[in-house]
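Engineer: Next one to model:
(chains A and B)
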Amino acid sequence: MLRLEDRITQVTVEGMQALYGAGIDSKQVPLQRTRKDLNGDFTLVVFPLLRYSKKSPEETATELGGFLQEKIEEISDFEIVKGFLNLYVSNEYWSQFFASVFAAPRYGQVQLDDSSEKYVIEYSSPNTNKPLHLGHIRNNLLGFSVSRLVKAGGKKVEMVNLVNDRGIHICKSMIAWKKWGDDATPESIGIKGDRIVGDFYVLFDKHYRSEIKTLVDNGMSEEEAAKKAPSILEAQEMLRKWELNDPETISLWEKMNQWVYKGFDETYRKLGISFDKIYYESQTYKLGKELVEEGLKNGHLIRKDDGSVWADLTGDGLDEKLLLRSDGTSVYMTQDLGTAHQRFAEYKFDKQIYVVGNEQIYHFKVLSLILNKLGYAWSDKLYHLSYGMVELPEGKMKSREGKVVDADDLIAEMVANAEVISQELGKLDDFPENEKADIYYRIAMGALKYFILKVDPQKTMLFNPRESIDFTGNTGPFIQYTYVRIRSVVRKAKEKGLNVDYSFDKNLELDPREVNLLKTVYTYPELLQDAGKQLSPAMIANYVYELVKEFNTFYQHIPILKEADLAKRGFRLALSNFIANHIQESMLLLGIEMPERM
RNA sequence: GGCCUCAUAGUUCAAGGGAUAGAACAGAAGUUUCCUAAACUUCAGAUUCAGGUUCGAGUCCUGGUGGGGCUACCA
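Structural biologist: Alright, predicted model coming up:
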C-alpha cells in the first residue's frame, strides 16, 4: 500500500501541472505532519509554490486543497491557516491503517535477505589495564544499539570488538603487581580481575609521580624526569621483553589479561551487550607493516634518513603522519591500516563503522586518507561514528588518578536505587525475591541506558552521579511503567474472560486521542529508517517517549475495559496491546528490556 | 598558532529551513471510592552576540565571545 503521504505528494505534483501548468518535482513538495497543537493531519506549505501559481498563498492553498480533496478520497476536508494548507484525513483511513499493522510482528523493521548489505560495526575496544567506566558505557550502549538499528534497517551486521591488550600501559600494571602485589589474585583477595589490574595501574602512576617529583627536586627538568624515572624505564624494558617473547613476561601478561577478560565479561553481561567476534591487538598489531612496505615500493609513502616511514598528507591540508618508527616498529595507525585491510578481506563489507570517541576524529580521517593513497577503493566504506565525552560536574574523568565513575559501581548503585524506590511504592511486596531482583535490574538498566542513549551521540554529555538519573519523567522507567500498565490491562481482560475481539469496522468512531496515537505510529517506519541511516538511537528514544506520553493521556482519560460499546472496547484493547508490543520492540533496539510488572 | 566541534528555561535534554521553540527535573497549584498516582491536569520560565542569505532562520553562511577536542617515533 502506497503511503498516504506519498499519494498526497504525487497528487500535488499533478495539481501543480493541472492548475498552473507547472512541472515540479516531488522533492519540491513541502509536505509535513501538522503541528500537534493545530487541527489537521498533514500540512502542505504553499509558500515555495507561489512562484509557480503566481497567486496569493490563500488562493493557491484553496485551489490545491480542492484538487487534493477531489482526487484523494481519504482527505475529508482542508483548512487554510496563515497560508498553510492543513489537510484532514478521514478517521476511516486511520482505522484502516491500524487494521493493516496491528498484527504485524516487528512493525517498521526491514527483513533481511541475500541481497542485504553487510555492515561491520566495531565498538567497545577497551584497554586491558583498567576496569570499564562511564565513558565505556556510552560506547558500549551506543555500539550495541546502533548495531540493532542498522539491522532493523535491513542490513546484515557483524559486531566486533578489538581489544587493546598490549602496550606500555599494560606493562605498567604488570610492573606494579610484580613489585607491590604480594602475589595477590582476584580469588585470593576477592576483587574483580579488571579492578585489581586497574588498581595496580593507579599504584604505578602514584610511584611514578613521586619519582618524578624527587628527580625534579634534585634539579632535573620535568620533561627529563618523566623520561628518566626508574619506574618508566622498567616499564619500557618490560615492553621490549614482551616483544621479544620473553616467557616470564608473556606468562604474567597472559595471567593478568585473563583476570581482566573475566571481569569484562561480567560487566558486558550486566550491560546486556555482546559481540560476534573479538580481535586482540597483540595478534593484529604487526599487520600493517606489509601494507606500508608495499606503499613505499609504489612510491605512495616516503622513508626519511633515519629509516622512519611517513605518509605525506600536506597535499590534503594535513601534516605528515608517521607509519613506522626509525627502529622499524609499528604505531597505532599502522595497526589500524592492517586491521582494516584484514577486515575487508574477511567480510567484504559494504560499510565498516568504528564506534570511537570524538577525540579520535583526526585519527580516522587520516586512516581513510592513507588507505585511499595506498589505492584501496574501499577506503570510503569506513565510517567513524564519533561520540562526545561524558563529563562529571568536576570535569573530565581521569583513570590514572582514579577519578572515574566505575561501570560496575554505577550499575550496582542504580539497582540499589531501583530497589529503594520500588519498596517505597510497595507494589512488589508479595513477589518472590528472585523475581524482584530481576525487576530491579531491568528498571535500573532501563534508567541508565535510556539516560545515555536519549542524548544525541555527537554531544558531550554531563553526568552528575547524585542527580542525573531519575526514575520519573522522561526516563526509561517511565516508559517501562506505561508498558507494565498496558500488560496489566490485557491480563485483566483475560482474567475476566471478556470478549475482546477486534476487527476492522469502517464506521468505528475514534477519539482524537486515539487518532493521535495512530498518527504517531504511522510515522515510525520512516523514522526507524532515518535513525538507522543516521546511526542515532536518540531518535528512537525520543519517538518512544512521545508515543508513551500520548498513550498515558489516552489511558488516563478514556476507559478501556469499562467501555460498554463492545466494538470500541475491542479496538481500544487491540490498540493498547499493539502499543505495548511496539514499545517493547522499539526499546529492544536500545537494548532496554521491559519488566512485566513493577 | 592551525584544524574540528558544541552553545536553547535555574538544571538535563528535544525541535527533518516552516506556524505560538517542545519535554523532564527543580518551583507553584490540583486529580485516587474507578483498567498500577513510577501516572495525569494546570501555572511560571530559554534560542551566546553582531551581521548576512531566504517569503520564512534555533536550524544555512561570515565574524566575535565562551566551553570541549585534536594537532606524539602513546594507544
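Engineer: Pretty sure A:Asp77 sits in a helix.
Structural biologist: No: A:Asp77 is assigned strand when assessed by DSSP: H, G, I helix; E, B strand; the rest coil, not a helix.
Engineer: quick one: contacts for it?
Structural biologist: With contact taken as Cβ atoms under 8 Å, 6 or more residues apart in numbering, A:Asp77 is in contact with A:Gln69, A:Leu87, A:Tyr88. In short, each C-beta sits where N, CA and C put it, glycine included.
Engineer: out of the residues you listed, who has the most neighbours?
Structural biologist: In terms of neighbours by other Cβ atoms under 10 Å, the contacts of A:Asp77 top out with A:Leu87 at 24 neighbours.
Engineer: Would you check that that one makes contact with A:Glu74?
Structural biologist: No: with contact defined as Cβ atoms under 8 Å, A:Leu87 and A:Glu74 do not form a contacting pair (9.4 Å).
Engineer: what's the neighbour count on A:Gln556?
Structural biologist: By other Cβ under 10 Å, 8 other residues sit near A:Gln556.
Engineer: that older thread, just checking, which of the contacts of A:Asp77 belong to helices?
Structural biologist: Among the contacts of A:Asp77, the residues falling in helices (DSSP state H) are A:Gln69.
Engineer: Give me the spatial nearest neighbour of A:Ala229, chain neighbours excluded.
Structural biologist: Taking Cβ to Cβ, 6 or more residues apart in numbering, and ignoring the residues beside it in sequence, A:Ala229 has A:Glu211 as its nearest neighbour in space, at 4.0 Å.
Engineer: A:Ile583 contacts A:Val548, correct?
Structural biologist: Yes: in this structure, A:Ile583 is within contact of A:Val548 by Cβ under 8 Å, at 6.7 Å.
Engineer: Residues that sit against both of the two, list them.
Structural biologist: The contact sets of A:Ile583 and A:Val548 overlap at A:Ile479, A:Thr482 (Cβ under 8 Å, 6+ apart).
Engineer: Can you name the residues of the stretch 151-300 of chain A that neighbour RNA strand B?
Structural biologist: Taking Cβ under 7 Å from any atom of the strand, the part of the stretch 151-300 of chain A that reaches RNA strand B is made up of A:Asn164, A:Arg166, A:Gly167, A:Ile168, A:Glu281, A:Tyr285.
Engineer: picking that back up, now tabulate the contacts of A:Asp77 in TSV and tack on pLDDT.
Structural biologist: Listed next are the contacts of A:Asp77 as TSV, based on pLDDT from 0 to 100:
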residue	pLDDT
A:Gln69	96
A:Leu87	96
A:Tyr88	96
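Engineer: got a pLDDT number for the residue in the stretch 451-598 of chain A that RNA strand B sits nearest to?
Structural biologist: Going by Cβ to the nearest atom of the strand, RNA strand B is nearest to A:Gly473 of the stretch 451-598 of chain A, at 2.2 Å. Turning to A:Gly473, the model gives it a pLDDT of 94.
Engineer: Give me the nearest residue to A:Leu367, chain neighbours excluded.
Structural biologist: Closest residue to A:Leu367 apart from its sequence neighbours, by Cβ to Cβ, 6+ apart: A:Asp336 at 5.5 Å.
Engineer: Likewise for A:Ala184?
Structural biologist: Spatial nearest neighbour of A:Ala184, excluding adjacent residues (Cβ to Cβ, 6+ apart): A:Ile196 at 6.8 Å.
Engineer: What parts of the stretch 1-150 of chain A come near RNA strand B?
Structural biologist: Applying Cβ under 7 Å from any atom of the strand, we find that the stretch 1-150 of chain A lies next to RNA strand B at A:30-35, A:37-38, A:40, A:43, A:45, A:47-48, A:81-82, A:84, A:86, A:127.
Engineer: Buried subset of the residues you listed, written for PyMOL?
Structural biologist: Of these, the buried ones go into a single PyMOL selection, burial set by 16 or more other Cβ atoms under 10 Å:
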select buried, chain A and resi 31+34+40+43+84+86+127
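Engineer: which ones are touching A:Ser536?
Structural biologist: Shown in contact with A:Ser536 (Cβ under 8 Å, 6+ apart): A:Leu149, A:Asp456, A:Pro457, A:Asp530.
Engineer: Helix or strand next in line after the helix or strand harbouring A:Val13, which one?
Structural biologist: Taking DSSP states H and E as the definition, one finds A:Val13 inside helix A:4-20. Downstream of helix A:4-20, the first helix or strand assigned by DSSP H and E is strand A:31-33.
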